[in-house]
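Asks: no sequence on this one, just coordinates:
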C-alpha cells in the first residue's frame, strides 16, 4: 500500500503531474494547509496577487498567451467571491482555467462559519464545472478530471472547492490513467459528410467570407496556420471577432479587419452581401450580428464549433458542424486539395470589397495639438510591432481603438475581455502573460477609468520584477459610456466623467514603477520610446483628445448597413426599442 | 415598448444524469439562468447501484428554444444523455396525484362515482373525507381535479410527469 499523503500534498502532486508551473493566488485561513504544502516544495511557483480578482485575470492572461491552463489558488468566502468575475470572464471567453478555493471544514459547511460562502452554489453558473471535494482519496482524480474538462472541448473555468479538513486528512494517491468520463465526451472530429458538404458549398460560392473567432486561437497555433492555408486555397476574404484577432495576419490582402459594432465598413458590408459565411470558432455574438433579422440576409451559413449549443443559438445556419475548428479546417483543406478545385474566381467580389475599403472607415480627424487616441495607438503599434508584443486591454473605447489600430500577425498576442467586458482585466492579464512569457514585450493598453479597477496589481508586477508596460489612453471620461450617452441620450452625461483621477506618474513611482506623462502630440513618440527603453514596469499616462468617439459604429438595434462613420457623426435620442437592445 | 413572445410547443425531455449532490441545482439553475420554462420536473435514481438518476422535464418554448434547451442540457458535465421524447415520436406519459376531498351527503357519493370513472382509488377515508390516488396523463388529472373542485376538493399533491418512449427500444 502506498504511503498516505495529506490532501494538500496530493493537490500539489497532481498539479505537478499535470505540468503546472505557476499558480496565481492569495492565502487565507481556509487554504493555509495548501500554502504550507506549497512552501515545502520547489516545483510550482506561486505569484502573490493583491486581490483575488487579479489572480483570476492573471491566470486568464497566462492561459491566453501560453495556451496552457491558468491556475488560481484562493481562500474561502471573500477569496472565492472576489475571483467570481474572473471565472465568469473565462467562461464567456472560453479560457482554460482551474480555480482551487479553500473552504471551511466539512463539519462547518452550512453553519455560516467565518469566511464561509456557498462557493459551489455561487460559481455553478460561472464555471464550466465545479467540485466540492469531501474525501482526500478522491482529490487526485478530481484534479486530473478538472484539468481535462477545463482544457478540452470548449475550454472554460473549472473550480475545485477544498474544505480545510480535507486538505489536512490523508489518503493514498496514485496518478490516475486516461480520463474516461461517464458523461463528458466533447466531439473533436467533425462528421466527414458535413466536411464534404462544407467544401462543396465553399467551392460553389461566389461571395464567400471566412468569419473567425476565439475558437481558432483556443484550438492551438496549428489552427491559425491551417486557417491561413484554408484562406489561401479558397481565396476567400477573412474577418474576425474581437476574440479571434491574430489568428489571421492583418498584413494579408485577404484581411478585412474586425467585424461587428466597431468593426470595419468592409468587414460588415462583406458579411451583409456575402452568399456564404463560413463561421469558424465564432458564436454570432450580438456585438457581431447587430440586428438579427437584418444580419447577412442573402447568405448561406456554415458554422463550425466545438460547442453544439453555439450552433443555431442566435443565427439559424444551413450547415452546422460540431468539432474542433482546427481539425475541421484541416479536413476541409485536405479534401479541397484532393478534389483539386481550380482557383476560385473571386475578382468581382474583391472589387466590391475594395470599393468598401475606399470608405476608409478607420480614418479619424487629425490634430496638430491634441493627441488623437487612435493616433496614439497607431504610433504605439509602429514603435513595437516588430517585437511581436503581447497586448492586453481593459474595456471601453481604448479597447476598440486597440482592436482597430493595433494589427496582429500571430495568435496568442491579444488578450482582451470580449464576452463579459470586464473593466480591470488588462493589468492583471498583462502580469499573467509576462509570467508566462518572461522575454516578451507585454503592454496593457488601458483607459483611465478601467485601470483603477485593479490598480493594486501594480505591486504584483513590482514584487516579481515583471517589466509590464501600461499605456493609459487618458481622456478623463468613461469614454464608451460617454459616447453612448452622446449618441443615445442627447448628451446627458450621467456619471461618466472620471473626476479626481490620481497623478498616474506619482502613483507609478510609489509602486516602484517608472511613470511617464505624455501631454502633447510632439511628446508622443519620445514618450513611447522612453517607455520601451526602460527595463522594468512602466506606466504611461497619455493625455488624449477628451471627446473623441470610436467609429465606425453600428448603433444598438441597427443593421450592418446602418453603420455610422466618423464623417456622419450624430448626436440624438434613440427610441426605447433601441435603448433596450444593448 | 412591449416584450414579444413566439409560438410555443410543449416538449417532454428525459435526461439521465450522475446521481450526485448538486445535479438538480445545475439543471434547474440552467433553466432559470437562460430563461426557460419548467412545467414539471421529476427525478429519481434508476440503477441498481444508485449511480444514475433519470430526470423527466416538461418544458415549453419555440422550436429554436427547445433545441437550445436540449443542447444546453447536453453541455452539463454531469448529464449523460438527453432524449426529447416529443421529438422522438410516440411515448407514454403518466402522473400520479393525491386528491383530498371533504364533504358529506350527495357530494360524497358523487365523488366516489367520479373516482370510479377516472379509475382513482380511495387510499384514505374518514366520515367526512377521502384521499384519492389517480394516475394518468396530465390532461386526465387536470380534468379530474376540475370536477372534484366542484364537490369539495381541499388539497392536491402531484408527482409531475414520468415518461417513456413506446416500443422495444430503450433510451
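Replies: Everything's here; your move. What you see is a predicted model; the values in this text were computed from it and never measured. Residues are numbered from 1 along each chain as shown, chains lettered A, B, ... in the order given.
Asks: tell me what the longest strand anywhere in chain B is packed against?
Replies: Longest strand in chain B, counting residues (DSSP state E): strand B:91-102. Here strand B:91-102 touches strand B:129-136, helix B:138-149, strand B:153-158, strand B:162-165, going by 3 or more Cβ pairs under 8 Å, 6 or more residues apart in numbering or on different chains; DSSP states H and E. For the C-beta atoms, the positions are set from N, CA and C on the backbone; glycine is no exception.
Asks: between the ones you listed, which one is nearest to residue A:135?
Replies: Smallest distance to residue A:135 across these (Cβ to Cβ): 33.0 Å, for strand B:162-165.
Asks: Direction included, what does the longest strand of chain B pair against?
Replies: strand B:129-136 (antiparallel), strand B:153-158 (antiparallel), strand B:162-165 (antiparallel) (DSSP bridges).
Asks: now these as a markdown table including mean pLDDT?
Replies: As requested, the strands paired with strand B:91-102 are exported to a markdown table (pLDDT from 0 to 100):
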| stretch | mean pLDDT |
| --- | --- |
| strand B:129-136 | 98 |
| strand B:153-158 | 98 |
| strand B:162-165 | 96 |
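Asks: rewinding a little: next secondary structure element downstream of the longest strand of chain B?
Replies: On the C-terminal side of strand B:91-102, the closest following helix or strand by DSSP states H and E is helix B:106-117.
Asks: What strand or helix carries residue A:10?
Replies: helix A:7-17.
Asks: Might you report the residue contacts of residue 11?
Replies: Went with chain A since none was named. Taking Cβ atoms under 8 Å, 6 or more residues apart in numbering or on different chains as the contact definition, residue A:11 lies against A:34, A:37, A:100, A:139, A:143, A:162, A:167.
Asks: try again with chain B
Replies: B:58-61, B:66, B:69, B:84-87.
Asks: Tell me which of those residues fall in strands.
Replies: Using DSSP E, these in strands are B:58-61, B:84.
Asks: Now pLDDT too, for the residues you listed, in JSON lines please.
Replies: Shown next, in JSON lines, are the ones in strands among the contacts of residue B:11 (pLDDT from 0 to 100):
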{"residue": "B:58", "pLDDT": "97"}
{"residue": "B:59", "pLDDT": "97"}
{"residue": "B:60", "pLDDT": "96"}
{"residue": "B:61", "pLDDT": "96"}
{"residue": "B:84", "pLDDT": "97"}
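Asks: near chain B, which residues of chain A show up?
Replies: Selection of chain A residues close to chain B by Cβ under 8 Å from any Cβ of the partner chain yields A:120-121, A:124-125, A:128-129, A:132, A:149, A:181-184, A:307-309, A:311-313, A:316, A:576-577, A:580.
Asks: at 7 Å what do you get?
Replies: Residues of chain A found near chain B (Cβ under 7 Å from any Cβ of the partner chain) are A:120, A:124-125, A:129, A:149, A:182-184, A:307-309, A:312-313, A:576-577, A:580.
Asks: Next, give me the two most distant ones among those residues.
Replies: Counting by Cβ to Cβ, the most remote pair of the residues of chain A next to chain B is A:182 and A:576, 48.4 Å apart.
Asks: Surely residue A:150 forms part of a helix?
Replies: Yes. Assigned with DSSP: H, G, I helix; E, B strand; the rest coil, residue A:150 falls within a helix.
Asks: Could you tell me which residues make contact with it?
Replies: Taking Cβ atoms under 7 Å, 6 or more residues apart in numbering or on different chains, we find residue A:150 in contact with A:69, A:96-98, A:128, A:156-158.
Asks: Nearest residue to the residue of the stretch 301-450 of chain A found nearest chain B in space, ignoring adjacent ones along the chain?
Replies: Distances between the stretch 301-450 of chain A and chain B by Cβ to the nearest Cβ are smallest at residue A:309, namely 3.6 Å. Nearest non-adjacent residue to residue A:309, counting by Cβ to Cβ, 6 or more residues apart in numbering or on different chains: residue B:71, 3.6 Å away.
Asks: one step back: now, which of the residues of chain A next to chain B lie within helices?
Replies: A:120, A:149, A:576-577, A:580 (DSSP state H).
Asks: Now which of those would you call buried?
Replies: Buried members of these, scored by 16 or more other Cβ atoms under 10 Å in any protein chain shown, are A:120, A:149.
Asks: Return the closest of the ones in helices among the residues of chain A next to chain B with respect to chain B.
Replies: residue A:576 (4.0 Å).
Asks: quick one: low-confidence parts of chain A?
Replies: A:1-2, A:567-572, A:578, A:581-582 (pLDDT under 70).
Asks: Spell out which residues make up each domain of it.
Replies: Following automatic domain parsing, chain A resolves into domains at A:4-172, A:192-357, A:373-550.
Asks: I'd like those domains laid out as CSV, including distance to residue B:37.
Replies: Shown next, in CSV, are the domains of chain A (distance: least, Cβ to Cβ, whole Å):
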stretch, distance to residue B:37
domain A:4-172, 18
domain A:192-357, 18
domain A:373-550, 25
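Asks: neighbours of the closest residue to residue A:443 other than its chain neighbours, just the number please.
Replies: The shortest distance from residue A:443 to any non-neighbouring residue, by Cβ to Cβ, 6+ apart, is to residue A:469 (4.5 Å). Applying other Cβ atoms under 10 Å in any protein chain shown, we find 28 other residues in the vicinity of residue A:469.
Asks: Residue B:112: which of the domains of chain A is closest?
Replies: Closest among the domains of chain A, once you apply Cβ to Cβ, is domain A:4-172, at 47.4 Å.
Asks: Next up, the contacts around residue 104.
Replies: This is for chain A. Applying Cβ under 7 Å, 6+ apart, the residues near residue A:104 are A:30, A:76, A:113, A:115-116, A:163-164.
Asks: looking at chain B here, not the other one
Replies: So residue B:104 contacts residue B:128 (Cβ under 7 Å, 6+ apart).
Asks: let's see it at 10 Å
Replies: The contact partners of residue B:104, by Cβ atoms under 10 Å, 6 or more residues apart in numbering or on different chains, come to B:127-129, B:152.
Asks: Only the buried residues of stretch A:246-265, if you could.
Replies: Of the residues in stretch A:246-265, A:246-250, A:254-265 count as buried by neighbour count, 16+ other Cβ under 10 Å.
Asks: Now do the end-to-end distance for that stretch.
Replies: 19 Å (Cα to Cα, to the nearest Å).
Asks: how far does that stretch sit from the chain's center?
Replies: When distances are taken as Cα atoms, centre = their mean, to the nearest Å, stretch A:246-265 is centred 17 Å away from the chain's centroid.
Asks: for stretch A:241-252, same thing?
Replies: For stretch A:241-252, the distance to the chain centre is 13 Å (Cα atoms, centre = their mean).
Asks: List the neighbouring strands of the host helix or strand of residue A:46 plus their orientation.
Replies: Using DSSP H and E, residue A:46 maps to strand A:45-48. If you go by DSSP bridges, strand A:45-48 pairs up with strand A:22-25 (parallel).
Asks: got the buried residues for the next helix or strand after the strand it pairs with?
Replies: Next in sequence after strand A:22-25, counting helices and strands by DSSP H and E, comes helix A:32-39. By neighbour count on 16+ other Cβ under 10 Å, the buried set for helix A:32-39 is A:32-35, A:37-38.
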